[in-house]
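> sequence and computational prediction follow.
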Amino acid sequence: MPRPPLPQLADFPSQTFDKLRYGDTDRQGHINNAVFASLCETGRVSVLHTPGPLADPGCAFVIARLDLNYHAELFWPGTVEIGTAVTAVGTSSITFAQALFQNEACAATATSVVVQVNQASRRPQALSQAARQRVETVSTVF
């Protein structure tokens, strides 16, 4: 069965970047695989905190799932472009599709789920209508 084509940065309504550091490299001379998860976090945080926190007062988002697929190496020095889109909104959760790009090539794709939790009870709390409307601006179909 043929693989589906990899996404392009232009497929994502939210785009940001991160600078790669020498300390991100490993013995093979490429960016360590664990750094890819942090790069995805940069993209999610951009959506969840721009222009200001999306979480309701007294709440925060926690990651509940991260499924990361590696397609190519990333190399230092350089930057990584991060594409992020919301693909689903649940009662208290948001599902993201993401991809990492270097020199226009897709190096990784990811699906992640964050859940809004009440900081006092540590239990999931439903997203407000305002939060739902805001995430619609970065929603897309993959």
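Cool, the structure landed.
> and the contacts of stretch 21-36?
20, 68, 70, 73-77, 100, 107-108, 110 (Cβ atoms under 8 Å, 6 or more residues apart in numbering). For every residue, glycine as well, the C-beta is placed using N, CA and C.
> want to throw those into TSV with distance to Gln28 and secondary structure?
Converted to TSV, the contacts of stretch 21-36 look like this (distance: Cβ to Cβ, whole Å; DSSP: H, G, I helix; E, B strand; the rest coil):
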residue	distance to Gln28	secondary structure
Leu20	15	coil
Leu68	18	strand
Tyr70	13	strand
Glu73	8	coil
Leu74	11	coil
Phe75	10	coil
Trp76	12	coil
Pro77	16	coil
Leu100	17	strand
Ala107	14	strand
Ala108	16	strand
Ala110	21	strand
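> which of the residues you listed has the largest number of neighbours?
When neighbours are counted by other Cβ atoms under 10 Å, Leu100 leads these with 28 neighbours.
> what sits against it?
Leu100 is in contact with 36, 39-40, 74, 80-83, 106-110, counting by Cβ under 8 Å, 6+ apart.
> next up, the contacts around the closest residue to it other than its chain neighbours.
Excluding its sequence neighbours, the residue lying closest to Leu100 (Cβ to Cβ, 6 or more residues apart in numbering) is Ala108, at 4.4 Å. Applying Cβ under 8 Å, 6+ apart to Ala108 gives the contacts 36, 40, 68-72, 99-100.
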